[in-house]
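1. pasting the structure only:
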């Protein structure tokens, strides 16, 4: 596919990175060493390994001299930038000055607003002083920045310019975040710099570490990674040197600290019944033996409900509806941090825990990734049977204060128990924000399906916690039933086997190419599924690996609109009745329907009945929504799902992707298959795209220090 599905925006922002008349220079034309990357370092593998080791040591030493991870030096393109214009006059002047500098370098003036937002009102001066700082703007690539620099500096803009080299280090790390990495091995960064024609990659990395654009870390390798690196039982443990952007390095450190804080401050409550009568002989006297009014602290303590003790928790566990729910309640009784894994049917177990905790008088809430997940959870027994509304919200609403228990005086969430469903979708920055919002001693239960796609943002928070084994983990024994559940379960263990589907719950169709795949998908959406199964078209979603290509979301949506709701697109390309995808942030997509449009904007209605008006300036961020990528569909299910696998989908397919895609259908799943052997190969041989993260190593270091 031409568009990688990584949670990034579907299209480059308007005008971003478009430098008219500029192209990526060839290494020879730009003055880089001839021969390409192979000539940039030793050709022999042993020499190459030695060079990488030497580079890692140089980076570590310069990191130590600069203060290392504990004291990063201020830096980066936007470091120290003014907070931004504070008056309309200042903003107008900053925009005009920045637009003039951009135009002088051959870049679109439309980038001025973004540049001022990133760099502040000194954006024009910063871009003139360091033209490659433009790489910090969304959508700008190295060839665009090189063209802009040549426009401003002329022949002086060479590939070995220190400003270029340092900016490229930051750009490579930012690009890695789009692939889910929270850090990169130093050798990968060096190789990327060499491909971009940087003559001295080691010096570039050292300079980036010194000015704070990157933070270096050294980690010991264990397990399979250590074996692959050549470490033996008697050898010193092999290590690797990583580089990370400051914000991600600090997020993972904060996340680990937050997890340790919760676990170290948690004390299981004592049963009030235990010890009752031990002080029956005591009278109500003060410290001097005089009877009188109770001290204010004692009065306040009486207003706080006593924490449920072991007996109360055990009674709640015994009353749970399944053995897995019982195990989950017992784990939450004894631990501040609990992991829970399972499929769609296993969501009943966190629901049982939520009801049990609330029944024990605790301030307990559950959060989900989407409004669909929220409503589905609230409808599960025993939550649906309760007289009061279920204490369930989306994570975004909880953190924003739009729903949930509110905040305590110290700013933390007023909670005793928080259950987070869809936990694999949390990236490290969001997870760190959540942990910072929890008070000491709060019980945190993280629940999710480990087979599904990870977060759109960097990190693999839930997977790293499972691998770290720092807390109890309860694996559900509740399977997903039916043909779809059987198919998805097989994919989860690397097997793609046919399943019996007497009610046509699962249908597999083949197509020879992308065009035929679009035709078959539209036939299913508009005719076959509604006619044969009684599922209306508006309850069926088309899913595909990417946005571009012959059968990407753009092609599928164009075909679906022409068939289901043809029109001129009189409201910014949309017509009343259009299905749209509202994506306010990467990894967050809300399906909606266009109700109408006018001068105030586009009026949308969401599946839960809520409405909002999208201002004209923001309507360009909407996309038609009959077809979505699987990353856009996470956290939701539809009565019917049609998964389209075009002939160019092979590189995008992993077992994780297939598992998630096939699980989006509740009653029916159709697969339009044109990917040939790439599909079974992905299921059997490619569990997930690798991500480099630091969380597990940080947790291991913390555990070693505390032991």
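-> Structure received. Please read all numbers here as calculations on a predicted model, not as lab measurements.

2. ok, residue 674 - how many residues close by?
-> Per other C-beta atoms under 10 Å, the neighbour tally for residue 674 reads 25. From N, CA and C alone the C-beta is placed, and that goes for glycine too.

3. check the burial of the closest residue to it other than its chain neighbours by counting its neighbours.
-> Among residues not flanking residue 674 along the chain, residue 511 sits closest, at 4.0 Å (C-beta to C-beta, 6 or more residues apart in numbering). Residue 511: 21 surrounding residues under other C-beta under 10 Å.

4. so what does residue 511 look like in phi/psi?
-> Main-chain torsions, residue 511, degrees, to the nearest 10: phi -140, psi 150.

5. same question for residue 139.
-> phi 80, psi -10.

6. residue 203 too?
-> Main-chain torsions, residue 203, degrees, to the nearest 10: phi -60, psi -40.

7. show the contacting residues for the residue nearest to it when sequence neighbours are not counted.
-> Leaving aside its chain neighbours, residue 203 sits nearest to residue 165 (7.2 Å; criterion: C-beta to C-beta, 6+ apart). For residue 165, the contact set (C-beta atoms under 8 Å, 6 or more residues apart in numbering) comprises 193, 198, 200-201, 203-204, 207-208.

8. of the residues you listed, which is the most crowded?
-> Using other C-beta under 10 Å as the neighbour criterion, residue 208 leads the contacts of residue 165 with 28 neighbours.

9. pLDDT and distance to residue 236 added to the contacts of residue 165, as TSV?
-> Below are the contacts of residue 165 laid out as TSV (pLDDT from 0 to 100; distance: C-beta to C-beta, whole Å):
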residue	pLDDT	distance to residue 236
193	97	29
198	96	32
200	95	30
201	95	26
203	95	28
204	95	29
207	94	30
208	94	28
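
10. which of the residues in the host helix or strand of residue 248 are buried?
-> Using DSSP states H and E, residue 248 sits in helix 246-265. Applying a neighbour-count criterion of 16 or more other C-beta atoms under 10 Å, one finds 246, 248-256, 258-262 buried in helix 246-265.

11. adjacent strands (with direction) for the one helix or strand residue 667 maps to?
-> Taking DSSP H and E as the definition, one finds residue 667 inside strand 665-673. Note on strand 665-673: by DSSP bridges, its sheet partners are strand 506-510 (parallel), strand 638-645 (parallel).

12. and of these, who's closest to residue 154?
-> strand 638-645 (49.3 Å; C-beta to C-beta).

13. from the rest of the structure, what touches the closest one?
-> The contact list for strand 638-645 (C-beta under 8 Å, 6+ apart) reads 517-518, 521, 524-525, 529, 533, 535, 539-545, 551, 556, 627, 653, 661-662, 664-675, 678-679.

14. stretch 331-339 now?
-> Applying C-beta under 8 Å, 6+ apart, the contact partners of stretch 331-339 are 259, 262-263, 265-266, 268, 310, 313-314, 316-317, 328, 353, 357, 417, 423, 441-447, 462, 465-466, 470-474.

15. now swap in stretch 543-555 and tell me
-> When contacts are defined by C-beta under 8 Å, 6+ apart, stretch 543-555 is touched by residues 1-5, 10-11, 513-515, 517-518, 521, 542, 556, 623, 627-630, 633, 641-649, 652-653, 657, 661, 664, 674.

16. mind checking which of the residues you listed are in strands?
-> Members of the contacts of stretch 543-555 lying in strands (criterion: DSSP state E): 542, 623, 627-629, 641-645.

17. may I ask which two of those residues are separated the most?
-> 623 and 645, at 20.7 Å, using C-beta to C-beta across those.
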